[in-house]
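K.L.:
All I have is the shape, not the residue letters:
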């Protein structure tokens, strides 16, 4: 093997390692941090087909007045109607529908 190709191979391997470390770091940071539960009011709901099954697209207004668009599994949203309260979970940069969905009184 010539030294020119070896240097290119090492540079490629280091670049790939840096890219993998970056992606893993971003995915890790998204779900790390203190968990905050809050309630929001459903303003709009629709079902969208996805590559891995259908997703419920939900537009909610948080207690602080923020409008958020969140994708959720349809099984969490099947008891929900527009105007209902839904449980949200916030972790650092990620906001998602909590495991109880709209079943907050149960």
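P.N.:
Received, thanks. Remember, it's a predicted structure, so these values are computed and weren't measured experimentally.
K.L.:
In the protein, which strand is the longest?
P.N.:
Ranked by number of residues, the top strand in the chain under DSSP state E is strand 35-48.
K.L.:
Report the angle between whichever helix or strand comes after that one and strand 35-48.
P.N.:
Helices and strands here follow DSSP states H and E; after strand 35-48, the next one along the chain is strand 55-62. Our comparison of strand 55-62 with strand 35-48, counting by axes from the mean of the first three to the mean of the last three CA atoms, to 10 degrees, yields an angle of 130 degrees.
K.L.:
Partner strands of strand 55-62, with direction?
P.N.:
Applying DSSP bridges, strand 55-62 is found paired with strand 35-48 (antiparallel), strand 67-72 (antiparallel).
K.L.:
Pipe these into JSON lines and attach mean pLDDT per row.
P.N.:
Output for the strands paired with strand 55-62, formatted as JSON lines (pLDDT from 0 to 100):
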{"stretch": "strand 35-48", "mean pLDDT": "90"}
{"stretch": "strand 67-72", "mean pLDDT": "90"}
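K.L.:
Please identify the one among these that comes closest to residue 59.
P.N.:
Proximity to residue 59, assessed across the strands paired with strand 55-62 by CB to CB, is greatest for strand 35-48 (3.9 Å). No exception for glycine: its C-beta is placed from N, CA and C like everyone else's.
K.L.:
ok, back up a step: what's the longest strand of the chain in contact with?
P.N.:
Contact with strand 35-48 is made by 54-63, 67-68, 71, 74, 77, 80-91, 98, 102, 104, as judged by CB atoms under 8 Å, 6 or more residues apart in numbering.
K.L.:
Just give me how far it sits from the chain centre.
P.N.:
What separates the centre of strand 35-48 from the centre of its chain is 13 Å, taken as CA atoms, centre = their mean, to the nearest Å.
K.L.:
what bits of the protein have low per-residue confidence?
P.N.:
1-4, 28-33, 104-106 (pLDDT under 70).
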